[in-house]
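Participant: Provided below are the primary sequence and the corresponding predicted coordinates.
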Amino acid sequence: MMKAFRAPKTTLGDLDAVAAAELIASATDIALILDEAGMIQDVAIAAQDLMGELKGHERWVGTRWVDTVTEDSRPKAEALIADALSRKQPSWRHVNHPAAGSGADVPILYAAIQAGTPGRVVAFGRSLRAVSSLQRRLVDAQQSMERDYARARRVETRYRLLFEMASDAVLIVDGNSQRVLDSNPAASRILGAPFGGAAGKGGAWRLGQVFTEETARSVELLLAGLLASGRADDVRARLADGDREVSVSASLFRDDGGVFCLVRIASAQPDAVGTMVSKTRTKLLKLMDGSPDGFVVTGADGRVITANAAFLRLAQLPNEEITRGESLDRWLGRGGVDLDILVANLRRHGSIRLFGTTMRGELGEMSEVEISAVTVMNGGQPCFGFAIRDVGRRLPRDAGAERRPPPSLEHLSGLIGRVALKDLVREATDVIERMCIEAALELTRDNRASAAEVLGLSRQSLYIKLRRYGLGPLAPEGAD
């Protein structure tokens, strides 16, 4: 029940209509004077910003209250009027008014009482804008937290799956006490039944217990160096169970203010097939890295993934990091044209041999090179390996033959004195033009569109010249 004033006539005295209006207007954000039919007789709005938000408030007088609220709030307004006319205990209800702009509805908390003349209802309203704003911020924050939590769960699931499926023993070790906090299933197989799996959780044993006394010290120094400098080289150790030799490596990470080590223990004596394959791959990688010819691996888009030292010398670069993510055409003499031709042939044939072009170093040095390339599938996606050989220092087999002009130019030389100069120039131009077109077609493996791009011609102009010199018919549009 509401607690009313004990002696309002004594404490409030004679309160006239003007004073009552001022009191009502000052005590609320918005006040409405209604008749028993729910028609608005007068309106008082205390806040200036609220006046700007309420749609059409200046035309409310003479309008039904239910026509000024949103559709879902009409039953609430009607219930407030009915309760006030029946003199029921006032109750507060959330009513929404349409906004003046395109924003959200204006929320108002209303209560209504019958006051003064029978049938006259006063509705008191309190703005809920601040509360509504806080609610929206709370909902946004909650949704953001749920998204972050879901993302964290997905990441944790992926790494937990990798942790469980790893073929090597992987241990989470406390950096200070060197106690094992967690381990994967492979730890039981490699380290022996007493260690790894569920038995290794909860810090039940120290990492040094796994190894022989002679080699445990090396592992302790490994972890000490890791804590001191953040990195440490792998060490060899022997397991206490069976005296088997293993390779121990570790990396450092921090979590919740603590320092932890991720320790990987791999068998140093794999099966004969695994040893042979591993050694072969290692030798192959070393050969490629030390090869005098440039070698570079790119993705399907032609962007560099890795490159060897010889490629860095040709490109005049100090280190491999600069090349990663860059397009290979950055260093090719004809830029995108060469790369487009190479990639197109690799996708069509899987490999390409002795593609002649030039390489442009970062400091401006140009090198004549031959490129051989191959396509390799990696995780379902193609990647390209390019072997680049510098052929600029090759000695010609027959120096005299290299200096001898082509037969067509010899023929032109023999015409001097017998044919007018303008005719000689025109014929020489035709000979040179034909030679350039033939060279472009050979360079592009008879790809007419690429040849036109190399020569700086349109396709139609190239086709006309091909027909003119008898090098091929005028191909239809899109024949390439």
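Facilitator: The structure has been received and is ready for your questions.

Participant: Could I get the full set of strands for the stretch 301-450 of the chain?
Facilitator: 304-307, 351-360, 366-378, 381-390 (DSSP state E, counting those that start in this stretch).

Participant: and these as TSV, adding mean neighbour count?
Facilitator: C-beta here means a position set from N, CA and C on the backbone, and glycine is covered the same way. Output for the strands of the stretch 301-450 of the chain, formatted as TSV (neighbours: other Cβ atoms under 10 Å):
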stretch	mean neighbour count
strand 304-307	20
strand 351-360	16
strand 366-378	16
strand 381-390	19
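
Participant: Compile these into CSV and extend it with columns for distance to L80 and mean pLDDT.
Facilitator: Shown next, in CSV, are those (distance: least, Cβ to Cβ, whole Å; pLDDT from 0 to 100):
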stretch, distance to L80, mean pLDDT
strand 304-307, 71, 89
strand 351-360, 82, 86
strand 366-378, 71, 86
strand 381-390, 66, 88
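
Participant: Please look at L455 and I437 and confirm they touch.
Facilitator: Yes. Taking Cβ atoms under 8 Å as the definition, L455 is a contact partner of I437 at 6.9 Å.

Participant: which residues are common contacts for these two?
Facilitator: Residues touching both L455 and I437 by Cβ atoms under 8 Å, 6 or more residues apart in numbering: L462.

Participant: and those two? which has more neighbours close in?
Facilitator: Each of L455 and I437 has its neighbours counted (other Cβ atoms under 10 Å); I437 has more, 22 against 18.

Participant: follow-up on the earlier one: got JSON lines for the strands of the stretch 301-450 of the chain, with distance to R445 too?
Facilitator: Converted to JSON lines, these look like this (distance: least, Cβ to Cβ, whole Å):
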{"stretch": "strand 304-307", "distance to R445": "24"}
{"stretch": "strand 351-360", "distance to R445": "8"}
{"stretch": "strand 366-378", "distance to R445": "13"}
{"stretch": "strand 381-390", "distance to R445": "16"}
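
Participant: the longest helix in the chain is where?
Facilitator: In terms of residue count, the longest helix belonging to the chain (DSSP state H) is helix 129-165.

Participant: Give me the helices and strands touching that one, please.
Facilitator: In terms of contacts (3 or more Cβ pairs under 8 Å, 6 or more residues apart in numbering; DSSP states H and E), helix 129-165 is packed against strand 106-114.

Participant: could I have the strand it packs on exported to CSV, CA atoms only?
Facilitator: C-alpha atoms of strand 106-114 as CSV (Å, rounded to 0.1, in the frame of the first residue of the first chain):
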residue,chain,number,x,y,z
VAL,A,106,11.5,7.1,-26.6
PRO,A,107,10.9,5.0,-23.4
ILE,A,108,8.9,6.6,-20.6
LEU,A,109,7.8,5.0,-17.3
TYR,A,110,4.3,6.2,-16.5
ALA,A,111,2.0,6.2,-13.5
ALA,A,112,-1.5,7.7,-13.5
ILE,A,113,-3.9,8.9,-10.7
GLN,A,114,-7.3,10.6,-10.7
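
Participant: ok, and what's touching the helix or strand just after that strand?
Facilitator: Sequence-wise, the next helix or strand downstream of strand 106-114 (DSSP states H and E) is strand 121-127. Applying Cβ under 8 Å, 6+ apart, the contact partners of strand 121-127 are 24, 27-36, 47, 50, 65, 80-81, 84-85, 95, 106-115.

Participant: quick one: strands adjacent to strand 121-127?
Facilitator: With DSSP bridges as the test, strand 121-127 is paired with strand 30-34 (antiparallel), strand 106-114 (antiparallel).

Participant: Switch the ones you listed over to a markdown table; also include distance to S372.
Facilitator: Output for these, formatted as a markdown table (distance: least, Cβ to Cβ, whole Å):
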| stretch | distance to S372 |
| --- | --- |
| strand 30-34 | 83 |
| strand 106-114 | 73 |
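
Participant: related to what we said a few turns ago, pairing partners for whichever helix or strand comes after the longest helix of the chain, with directions?
Facilitator: The first helix or strand that comes after helix 129-165 along the chain, using DSSP H and E, is strand 169-174. Strand pairing for strand 169-174, using DSSP bridges, gives strand 180-183 (antiparallel), strand 258-267 (antiparallel).
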